[in-house]
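following is a predicted model, sequence given first.
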Amino acid sequence: MNSLKIVRYRLRTGEDDVKHLGDELHYGIVRDNTVTRLENSIYDEKPVTGSDEIDMDDIELLAPLQPGKIIALGYNYKDLVGERETYDEPVIFFKPPSAVIGPGDDIVLRENKKVWTEVELAIIIKKQCRNVTPEQAPNYILGYTVANDVTMSNCLGRDHHLARSKGWDTFCPLGPAIVSGADTSALPMTNTINGTVMQQSATDKRILGDADVVSFLSRFFTLYPGDVILTGTPANAESSVITGGEVVEVSIDGIGTLTNTVRTDY
């Protein structure tokens, strides 16, 4: 599955002026401006095959998968914690699968509190693993996507485990695609709000890279196909504050750009 871009989508059906979305979800491989629908699981070891070539204009992109679990790292960027001779282990927390939304979906703010966005490289797990070494870890990575770790300010200082701050519905945009075979060692990344750059860095600023992250987390948790790992965000996240009506774009070169609009509901 080297160098594939895999999307999850629904078909737009009906006449051009009365388009509606079908109920069935599909996976497909993107080539140029078309999608070839997959005929077998994206997690298979065998090469994927496909049929039914579809124009991109005839589909709606969804989050590229619905994860079993989402594990996230905090303080994994040197430009956030500062250059040091040695680094502490990153903070580990979970975001619930119910927080996942896809490209174009609204980030919904349900309380009038400070909320910010965080650009992150996300790793997608390909097959079950536990206690793997860094050398073994790449064999368990399906690919990568872009994530936005939306975060609300801590609730009265009580949620030390970050569950409410990180776990609201819509607080984990993912997409637009799963990219396999990418070299993620030094990819530029940005977070923009209404076109203003709020975060700008690169994945080579990470303390733990892909293999070390998967190995590290597999010491504590069995990882399953479709699990998602958010690998941390660079500096200036808490300045990336969002309010209703704003458009957020988080982008990683070679992986894609994920765009969402902010909506208030309070």
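Received it, and whenever you're ready, just let me know what you need. All values derive from a computational prediction rather than experimental measurement. Residues are numbered from 1 along each chain as shown.

residue 37: what's it in contact with?
26-28, 50-52, 54 (C-beta atoms under 8 Å, 6 or more residues apart in numbering). The way it works is simple: take the backbone N, C-alpha and C, and place the C-beta from them, glycine included.

make a PyMOL selection of the buried ones in the residues you listed.
The PyMOL selection below is limited to those of the contacts of residue 37 classed as buried (16 or more other C-beta atoms under 10 Å):
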select buried, resi 26+27+28+50+54
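
now render the contacts of residue 37 as CSV, adding distance to residue 224.
Below are these laid out as CSV (distance: C-beta to C-beta, whole Å):
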residue, distance to residue 224
26, 22
27, 18
28, 23
50, 24
51, 28
52, 29
54, 30
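
can you mark which positions in stretch 71-83 are buried?
Neighbour counts over stretch 71-83 (16+ other C-beta under 10 Å) mark 71-74, 76-78, 80-81 as buried.

for the closest residue to residue 219 other than its chain neighbours, phi and psi?
Closest residue to residue 219 apart from its sequence neighbours, by C-beta to C-beta, 6 or more residues apart in numbering: residue 131 at 6.1 Å. Residue 131 adopts backbone torsions of phi 60, psi 50, taken as degrees, to the nearest 10.

neighbouring strands of the strand or helix carrying residue 251 in the sheet, and parallel or not?
Using DSSP states H and E, residue 251 sits in strand 247-252. If you go by DSSP bridges, strand 247-252 pairs up with strand 188-193 (antiparallel), strand 256-264 (antiparallel).

list the buried residues for that strand?
Those would be 248-252, for strand 247-252 by 16+ other C-beta under 10 Å.

quick one, what contacts the residue sitting nearest the centre point of the chain?
For the chain, residue 147 is the residue whose C-alpha lies nearest the centre (C-alpha atoms, centre = their mean; 2.6 Å). By C-beta under 8 Å, 6+ apart, the contact set of residue 147 is 119-122, 172-174, 228, 230, 250, 258.

now intersect these with the helices, please.
Of those, none are assigned to helices by DSSP state H.

before we move on, back to that, could I get the strands paired with strand 247-252 in a markdown table, plus columns for mean neighbour count, distance to residue 138 and mean pLDDT?
Shown next, in a markdown table, are these (neighbours: other C-beta atoms under 10 Å; distance: least, C-beta to C-beta, whole Å; pLDDT from 0 to 100):
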| stretch | mean neighbour count | distance to residue 138 | mean pLDDT |
| --- | --- | --- | --- |
| strand 188-193 | 20 | 21 | 98 |
| strand 256-264 | 19 | 21 | 98 |
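
want to try a markdown table for those, with distance to residue 3 as columns?
Formatted as a markdown table, the strands paired with strand 247-252 follow (distance: least, C-beta to C-beta, whole Å):
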| stretch | distance to residue 3 |
| --- | --- |
| strand 188-193 | 19 |
| strand 256-264 | 14 |
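
quick one: closest of the ones you listed to residue 63.
With C-beta to C-beta as the measure, strand 256-264 is the member of these nearest residue 63 (9.6 Å).
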